[in-house]
Each structure stands twice: as structure tokens, then as C-alpha cells.
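*Asks:* from the sequence below, what's the structure:
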Amino acid sequence: MQVKNFGHGYLLYELKNKNDMVLKLTDIGASIAGVFFKDKNGKEIQVSFGSDDYSFYLEPHDYIGASVGRVANRTINAEFTLDGKTYNLAKNDGGKHHLHGGVEGISFKKFDSKVLDDHSVLFSYSSNDGDEGYPGNADIDITYTLTDNNEIIMEYFVAVNAPTPLNLTNHAYWNLDGEGVIYDHDLFIDSSFYLPVTEECVSTGEILKTENTPFDFTKTKKIGSDIEKANGYDNCFIFNEKNILSNICEEDNLNKLRASCHSDKTGITLELYTTKPAMHFYSGNMLNDRKVRNTVLNKHNAFCFETEFLPGAVNFPHFPSIIFDADKDYNEKTIYKLSLK
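*Replies:* Alright, predicted model coming up:
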């Protein structure tokens, strides 16, 4: 592992495994600053994007690689009611809704960081009562591990001192070709139900079947096959379980493939495993001239696998609760795994 001065007191970590897979991390937003993997011809491909300029992570950047919280996705009208009290959150999405934890959330904060071993880094941040409008203190730990099986293991642990909503995720952008549109990527999602959204990209509260819709990826198909019919993908997909309205947090879930994406061009496959009950699949609809390392991202040049609880859970009582308290710690795990197939 290499630890570099990223500038102005920030750090850049570079982890490499025995297969020469590289994971770059920074303490700004506990962010993935890039993932590099060799394709079927032995050429190194930047499959997840970032920047080697620290200032990139301190400005609006489409949350590229960032950890997101306290609550990922959109909170309708930037408010929720808890124990009879209404909390007003930062309105950072069109001046109306709350997005990805607020104006800064945790995505632009400097985390304390600690090398655990040659392949693991721990990032820690304490969010105070009132941050972005959220109640209670939240002590956040995010650990990244790069294994020799080409896995990026992300472990999230949050302890709070008062009831508060939590729904953390990672917002890495992926393109298994390293550049260009993602239409020819083959996508599988283990989901028979998805959440439709309004024109403002907030949940309607409905839970619809994916079957016979552009949102059905239970049988692998090209991302571009129905992308126009779907008006681009920016939706939560609920993983297949007996009870779709339960937050399932079991270690055994890590043995079940929840999503995968493959490029015939490079031979690279990305697999997703998680304890979370759902995933937000975003096809980069709003990317516009976003300059990253060695390339520029525009519409549909990258995708996100954002593991999550149901977005809008604080707005819809029939969605499983995301309220955690001093007696209920937040403990989740997500794995991105790369391979050649």
C-alpha cells in the first residue's frame, strides 16, 4: 500500500493486490478515487473513475466515488417526522428535496483515516446533532478492503445516541470499457420489483413488478436495450426475497449474487454482493462534461450500483423503517468483485 500526500493535508491511498488490481481511496468523503483492472488482453482499464487532484472531491462532482449519507437518495420535500416532531433537512435538490445527505452530507467531509493492514483502510467521521438537519450524533466508520480475489469489501458501521434515519451507500461510477457509452454492457439484477419515480426522481411510494417492463433484468440483457423506454435508469431495485417489505440484514446474503455487469469488449465482469435489501441502478443520465482522470463523462458513459434501503423510507410508512437508535447499530457490508469471463 502506498500513502500519498494528496495536497492541503488530504491523503490518497493506493492499494494493489497480487493480480495488479488497483484501488485508490481518499479521506475526502471516504471516496473511491479510482479502480484499475487488466482486461482480457492484459491492458489496464480504469473501470471506476476519479481524479488525482484533491480539489475535485471538494466541489460538486456528481458524487463520483463518494461515500453518501446520512441518508442516500432523495427525501421528499426535505422533511420527515419522527416521534411526532418534524425535521427539516437541507434542500439541495432543486431547492425542494434533500439529496444524498445534504449540501455536504458526508461526501465532502474530511474523514480520519487509519491503515489497518496492507489491504485495508478505515475511515471515520463524527456527524453532530443537527448536521444537515438530522437529529442525534452519528459516529461513522467505513472500512475498505482489497482482496486477492479482486473484491472491494466495504463495511459500514454507525453508532448513534438518539433515533435518526440512516441509509449509507457508495456512489462509484463504473464503465467496464473505461470510456464510451455503456449500452453494450450486459446487465443482470436479482430483482422482480422496482420503485417508480416522478419527473423529480423521487419515489412515488409504489412498488411495481419488473416483469414485462424495461426494468426487468432478471434475465441478462444489454443496458441499452430498453434504456430509452425507461427514460434512463434512476431507480431502486428490490432484491428477490420472500418478503419485499423487510429490511434483510444477514451475513448469508453476501453469498448471493445480487447484480452483475459484463463487457464483451474487455472481458471484464463486475459482480455485486451485499447485506442491503435493494440497489439503486443509475445509468448516468445527468452526467455532462464531467472531467475525470484520463477521460470525460457524459450522459450514459457510466453506471452506479448503489446498495441501499428503500429511498423515501422516511416519507412512506409502508416502506421498512430506516430509523436507528442507541440500541440498534447500523452494520452493513457491500462487495464489488471484478473478474475476467
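*Asks:* end to end, how far does stretch 159-175 reach?
*Replies:* End-to-end distance for stretch 159-175, by CA to CA, to the nearest Å: 34 Å.
*Asks:* same question, stretch 160-169
*Replies:* 17 Å.
*Asks:* check which residues of stretch 255-270 are buried.
*Replies:* Arg258, Ala259, Ser260, Cys261, His262, Ser263, Thr266, Gly267, Ile268, Thr269, Leu270 (16 or more other CB atoms under 10 Å). (C-beta placed from N, C-alpha, C; glycine too.)
*Asks:* wasn't the last one part of a helix?
*Replies:* No - residue state for Leu270 (DSSP: H, G, I helix; E, B strand; the rest coil) corresponds to strand; a helix is not indicated.
*Asks:* who does the nearest residue to it once chain neighbours are set aside form a beta bridge with?
*Replies:* Spatially, and ignoring its direct neighbours in sequence, Leu270 is nearest to Cys261 (4.8 Å; CB to CB, 6 or more residues apart in numbering). As for beta bridges, Cys261 partners with Leu187, Leu270 under DSSP bridges.
*Asks:* please apply the same query to Ile238.
*Replies:* Beta-bridge partners, per DSSP bridges, of Ile238: Phe193, Ala278.
*Asks:* can you give me the distance of it to Ile335?
*Replies:* Distance of Ile238 to Ile335, given as CB to CB, to the nearest Å: 19 Å.
*Asks:* likewise Asp27?
*Replies:* Distance from Asp27 to Ile335, by CB to CB: 22 Å.
*Asks:* the more surrounded of these two?
*Replies:* Using other CB atoms under 10 Å, the more surrounded residue of Asp27 and Ile335 is Asp27, with 23 against 20.
*Asks:* does that one touch Ser113 like I think?
*Replies:* Yes - assessed by CB atoms under 8 Å, Asp27 is found in contact with Ser113 at 4.5 Å.
*Asks:* wait, Ser107 sits on Leu58?
*Replies:* No - counting by CB under 8 Å, Ser107 does not reach Leu58; the two are 10.2 Å apart.
*Asks:* looking at the two, which one has more neighbours?
*Replies:* Set Ser107 next to Leu58 and count neighbours by other CB under 10 Å: Ser107 wins out with 25 against 16.
*Asks:* ok, now which ones touch the closest residue in space to the more buried one that isn't next to it in sequence?
*Replies:* Nearest residue to Ser107 in three dimensions, chain neighbours excluded: Ala66, at 3.9 Å (CB to CB, 6+ apart). Ala66 makes contact with Gly29, Ala30, Ser31, Tyr57, Ser107, Phe108, Asn170, His171 under the criterion CB atoms under 8 Å, 6 or more residues apart in numbering.
*Asks:* for Asn5, same thing?
*Replies:* Asn5 neighbours (CB under 8 Å, 6+ apart): Leu11, Leu12.
*Asks:* sweet, I'm off.
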